[in-house]
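> Sharing a model prediction with you, sequence too.
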Amino acid sequence: QLQLVESGGGLVQPGGSLRLSCAASGFTLDYYAIGWFRQAPGKEREGVSCISRMDGTTYNLDSVKGRFTISRDNAKNTVYLQMNSLKPEDTAVYYCARAPNRIRRCALEPSRYDYWGQGTQVTVSS
């Protein structure tokens, strides 16, 4: 059964860090482009970071560059999002998603992804 399960969200103070995990089952993550997205209340879903199929090329939203890092552990079939120097505006539900296998280079456009996890809440507040 295909499944993406996010974990690692929570409440953190501004300036703090969290590491989100996206664990896959039923398929091999390395064969797919994977993205992290977020959606805050009343806002559209936006791409935060993504990692391409096979070569691992990554892309990041401008507002998270230098703070967020996406990585992949093939042995654990898991993609991570390390988030440092968190800000209140990073508060959102964070989702990981898988692009169709034919897509090699990842992108931050949600419409390019066809399989989504259930999300994990990240709240940055003092």
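Received the coordinates, thanks. Numbering: from 1, shown residues only.
> Return the residues in contact with the residue sitting nearest the centre point of the chain.
Nearest to the geometric centre of the chain sits Trp36, at 2.1 Å (C-alpha atoms, centre = their mean). By C-beta atoms under 8 Å, 6 or more residues apart in numbering, the residues touching Trp36 are 20, 22, 47-50, 70, 79, 81, 94-97. For every residue, glycine as well, the C-beta is placed using N, CA and C.
> These in strands, which ones?
Secondary structure from DSSP state E places 20, 22, 47-50, 70, 79, 81, 94-97 of the contacts of Trp36 in strands.
> Return the member of those residues nearest to Ala40.
Closest approach between these and Ala40, by C-beta to C-beta: Tyr94, at 10.3 Å.
> From Met54, how far off is the closest one?
24 Å (C-beta to C-beta, to the nearest Å).
> which residues in the chain form strands?
Using DSSP E, strands in the chain cover 3-7, 10-12, 18-25, 34-39, 46-51, 58-60, 68-73, 78-83, 92-98, 115-116, 120-124.
> about what we covered before: what about the contacts of Trp36, which one has the most neighbours?
Neighbour counts for the contacts of Trp36, by other C-beta atoms under 10 Å, peak at Cys96, which reaches 32 neighbours.
> That residue is in contact with Thr78, isn't it?
No: the pair formed by Cys96 and Thr78 falls short of the contact definition of C-beta atoms under 8 Å, at 9.7 Å.
> so what sits against both of those two?
Joint contacts of Cys96 and Thr78 (C-beta under 8 Å, 6+ apart) are Cys22.
> rewinding a little: with distance to Asp30 as extra columns, can I get the contacts of Trp36 in JSON lines?
Formatted as JSON lines, the contacts of Trp36 follow (distance: C-beta to C-beta, whole Å):
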{"residue": "Leu20", "distance to Asp30": "19"}
{"residue": "Cys22", "distance to Asp30": "13"}
{"residue": "Gly47", "distance to Asp30": "20"}
{"residue": "Val48", "distance to Asp30": "20"}
{"residue": "Ser49", "distance to Asp30": "17"}
{"residue": "Cys50", "distance to Asp30": "14"}
{"residue": "Ile70", "distance to Asp30": "14"}
{"residue": "Val79", "distance to Asp30": "10"}
{"residue": "Leu81", "distance to Asp30": "17"}
{"residue": "Tyr94", "distance to Asp30": "21"}
{"residue": "Tyr95", "distance to Asp30": "20"}
{"residue": "Cys96", "distance to Asp30": "14"}
{"residue": "Ala97", "distance to Asp30": "16"}
